[in-house]
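Participant: predicted model and sequence follow; I will ask about them next.
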Amino acid sequence: MRLLLTACATTALVVSGPLTATAAGTGPQDSVGGALLTAKPTVVADGATPPAVQASAYVVADLDTGQVLAAKAPHAQLRPASTLKTLTALVLLPRLKKTDPVTGSSADAGIIGSKVGVYPGLHYTVDQLFQGMFLASGNDAVHALCAHDQGGIPATIQRMNAKAKDLGALDTHVTDPTGLDADGQYSSAYDLALFAQAGLARQDFATYASTKYTNFPNVGNKGTYQVANQNKLLFNYQGALGVKTGYTTLARNTFIGAARRDGHTLVVTMMNAPHGITEDASNLLTWTFANYDKLKPVGTLVKPAGAQPPKTQTQGGGEDKPTTRKAGEPPARTALGPGQAVTSLALRVPVWAYAGPPVLLLGLFLRRPRALRRRRH
């Protein structure tokens, strides 16, 4: 009997362990992008030695071909900070007309974190708020844009989670569209690369991401003031396309940077870095450009589910127009979401394994009365 109970208990732990981890969304989505991306902490071509960086996770990829050329813990689920605003933009840009007027509210102005300066009662255009969101990482601008869209912030969060799933960004879960340190909010260096690839395929996203300076309305209709892009890569790296920076106390420094040189467009994403993130990103980009022909891909950026030709949208709204992707883009892949993974794993567990927990409880129940009688005598 004791041997049977031990065997049942062991079986129950083996079966329930993976199910719990998968259901919680804590495990890496190792089916996305290729098995090599989770084979070891740092993945590069044989013989290649990338520069040392302080970030806990990073990805370097070619945005034209979708090839991942170097990575470190690419599927680690970490806090994204304001780099998550790239996903926010992917949801809002196709839905909002750039010339639409938006009136600032007390809720916009009262939001915590970085702000561009949205004031209650002051009038803005959607275009100006996107500029404030990209350049100054303004949480107030994000709040105003989400509130302007149908369904407000709750609906935006739902759309962001759905968009992440469509892109194959299965490491991502959104609870706050600003990127602040909200409970249950996480992403990965791999997913940030997917957001950059989808974003830079849009003309409006690419324009906002690469804008160095803009003028933003001042309170009391007293002219404007200048806002500079927080992404320093734009100011000191040849061929830089910008994209997005981020920082919170818990996330520390996060980064998405892209650059185009010698016919190649590369993106570098970094998460959980203490300091010097722009320098580290520059070093990774320079190393990859210099060794591009020697680097063997270690994975791919997956294509969105049911992908259609990418679209761009001109500034000020208007109809989306299809563009043509370059050759060499990776084929579409199917990846299971957390809930699907649980179902799939459960179906593979033999029926007899589920008898373990009940048998264990029954055995303990039958043995307990005898032990109590011995104590009485």
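Facilitator: It's in.

Participant: give me the low-pLDDT residue ranges for the stretch 201-350 of the chain?
Facilitator: Scanning the stretch 201-350 of the chain with the threshold set as pLDDT under 70 gives 221, 306-350.

Participant: oh sorry, the question was meant for the stretch 1-150 of the chain
Facilitator: 1-31.

Participant: where do the helices sit along it?
Facilitator: When assigned using DSSP state H, counting those that start in this stretch, the helices of the stretch 1-150 of the chain occupy the ranges 2-23, 85-92, 106-109, 126-135, 139-148.

Participant: could you count how many residues lie near the residue nearest to residue 208 when sequence neighbours are not counted?
Facilitator: Nearest-residue entry for residue 208: residue 134, 4.1 Å, with adjacent residues in sequence omitted and distances by C-beta to C-beta, 6 or more residues apart in numbering. The way it works is simple: take the backbone N, C-alpha and C, and place the C-beta from them, glycine included. Residues lying near residue 134 (other C-beta atoms under 10 Å) number 29.

Participant: so residue 134 sits against residue 206, correct?
Facilitator: No - under the criterion of C-beta atoms under 8 Å, residue 134 lies out of contact with residue 206, with a separation of 10.5 Å.

Participant: can you pull out the strands in the stretch 101-250 of the chain?
Facilitator: All strands of the stretch 101-250 of the chain, identified by DSSP state E, counting those that start in this stretch, fall at 101-103, 123-125, 213-217, 224-228, 240-248.

Participant: of all the ones you listed, which lies closest to residue 193?
Facilitator: Ranking those by their distance to residue 193 (criterion: C-beta to C-beta) puts strand 240-248 first, at 10.2 Å.

Participant: got a list of contacts for that closest one?
Facilitator: Applying C-beta atoms under 8 Å, 6 or more residues apart in numbering, the set of residues contacting strand 240-248 from outside is 79-86, 113, 134, 137, 179-181, 196, 199-200, 206, 209-211, 229-231, 233-234, 253-260, 265, 267, 277.

Participant: those residues, buried ones only, as a ChimeraX selection?
Facilitator: For the buried members of the contacts of strand 240-248, the matching ChimeraX selection, counting by 16 or more other C-beta atoms under 10 Å, is:
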select :79,80,81,82,83,84,85,86,113,134,137,179,180,196,199,200,206,209,210,211,229,230,231,233,234,253,254,255,256,257,258,259,260,265,267,277
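
Participant: let's see which of the contacts of strand 240-248 end up in helices.
Facilitator: Among these, the ones falling in helices (DSSP state H) are 85-86, 134, 196, 199-200, 206, 209-210, 233-234, 277.

Participant: CA atoms only: put stretch 227-238 into CSV for me.
Facilitator: The C-alpha trace of stretch 227-238 is given here as CSV (Å, rounded to 0.1, in the frame of the first residue of the first chain):
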residue,chain,number,x,y,z
VAL,A,227,9.8,68.2,-27.3
ALA,A,228,12.8,66.1,-28.2
ASN,A,229,12.8,62.3,-28.8
GLN,A,230,14.1,60.3,-25.8
ASN,A,231,15.7,57.8,-28.1
LYS,A,232,19.3,59.0,-28.2
LEU,A,233,20.1,56.5,-31.0
LEU,A,234,18.5,58.9,-33.4
PHE,A,235,21.0,61.6,-32.6
ASN,A,236,24.3,59.7,-32.6
TYR,A,237,24.0,56.5,-34.7
GLN,A,238,24.3,56.5,-38.5
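
Participant: neighbouring contacts of that stretch?
Facilitator: Residues contacting stretch 227-238 (C-beta under 8 Å, 6+ apart): 116, 131-132, 134-137, 209-216, 240, 242-245, 257, 259, 261, 278, 281-282, 285.

Participant: for stretch 96-114, same thing?
Facilitator: Contact partners of stretch 96-114, identified using C-beta under 8 Å, 6+ apart, comprise 82, 115, 118-127, 129-130, 136-141, 143-145, 147-149, 178, 180, 204, 248, 315-317.

Participant: got a PyMOL select line for the buried ones in these?
Facilitator: If you want just the buried ones from the contacts of stretch 96-114 in PyMOL, going by 16+ other C-beta under 10 Å, the selection is:
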select buried, resi 82+115+118+119+122+124+125+126+127+129+130+136+137+138+139+140+141+143+144+145+147+148+149+178+180+204+248+317
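
Participant: neighbours of the spatially closest residue to residue 184 that is not a sequence neighbour, how many?
Facilitator: Nearest-residue entry for residue 184: residue 175, 5.0 Å, with adjacent residues in sequence omitted and distances by C-beta to C-beta, 6+ apart. Using other C-beta under 10 Å, residue 175 is surrounded by 13 other residues.

Participant: surely residue 175 touches residue 185?
Facilitator: Yes - checked against C-beta under 8 Å, the pair residue 175 and residue 185 is within contact range at 4.6 Å.

Participant: check the ones in helices among the contacts of strand 240-248 and tell me the two furthest apart.
Facilitator: Distances among the ones in helices among the contacts of strand 240-248 were taken as C-beta to C-beta; the most separated pair is 206 and 277, at 21.5 Å.

Participant: pull up the distance across stretch 92-106, start to finish.
Facilitator: 21 Å (C-alpha to C-alpha, to the nearest Å).
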